[in-house]
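Chemist: the amino acid sequence is not available; the structure is as follows:
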């Protein structure tokens, strides 16, 4: 559904960040507006399957941020033994594997870097595929663990 801002040409698309399914449903129910995109934390330790399925059913593009977990020095996703094993098997860096894992599932990713080498590695995620067996291993890591912040804490 279009908003008055979309009709006036001031806004093309509406996006939300860190919403859960009930937040989106409330937005739709109260305003008639269905967002075009959601940005939310997404990595093998935090797979919000119900939200992903809801977004697919309603035509909302799911865009992942914090695909590499957290920026702290003790980053559990970058050192996860399964992730590092897949990385070694494919001859790719752990960040490349994590970004490719999301993209291969049809997610948009928002990698952040100022480092030219990391930027080049991020671009290179389209030069390989993760085999199904390895995807299943990565998919099995879900703990619903948020490293940024948990939107369940919001009413």
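Modeler: Looks like it came in fine. Remember, it's a predicted structure, so these values are computed and weren't measured experimentally.
Chemist: contacts only, for residue 42.
Modeler: 48, 62, 64, 65, 66, 67, 102, 107 (Cβ atoms under 8 Å, 6 or more residues apart in numbering). C-beta coordinates here come from the backbone N, C-alpha and C atoms, glycine included.
Chemist: hmm, the last one is touching residue 60, no?
Modeler: When you say that, I think you mean residue 107. No: between residue 107 and residue 60 there is no contact under Cβ atoms under 8 Å: 11.9 Å.
Chemist: from the contacts of residue 42, which shows the smallest pLDDT?
Modeler: Within the set of those, pLDDT is lowest for residue 66 (81).
Chemist: show me the shaky parts of this structure.
Modeler: Scanning the chain for pLDDT under 70 picks out 1-8, 71-72, 149-155.
Chemist: mind listing the strands for it?
Modeler: Ranges of strands within the chain are 15-17, 37-41, 61-65, 108-109, based on DSSP state E.
Chemist: out of these, which gets nearest to residue 144?
Modeler: Comparing the strands of the chain against residue 144 with Cβ to Cβ, the closest turns out to be strand 37-41 (10.4 Å).
Chemist: which parts of that closest one are buried?
Modeler: Along strand 37-41, these residues count as buried under the neighbour rule (16 or more other Cβ atoms under 10 Å): 38, 39, 40, 41.
Chemist: residues near the residue nearest to residue 27 when sequence neighbours are not counted, how many?
Modeler: Of all residues not flanking residue 27 in the chain, residue 33 sits nearest, at 6.2 Å (Cβ to Cβ, 6 or more residues apart in numbering). Residues lying near residue 33 (other Cβ atoms under 10 Å) number 16.
Chemist: I'd assumed residue 26 was in contact with residue 33.
Modeler: No: taking contacts as Cβ under 8 Å, residue 33 lies outside contact range of residue 26: 11.0 Å.
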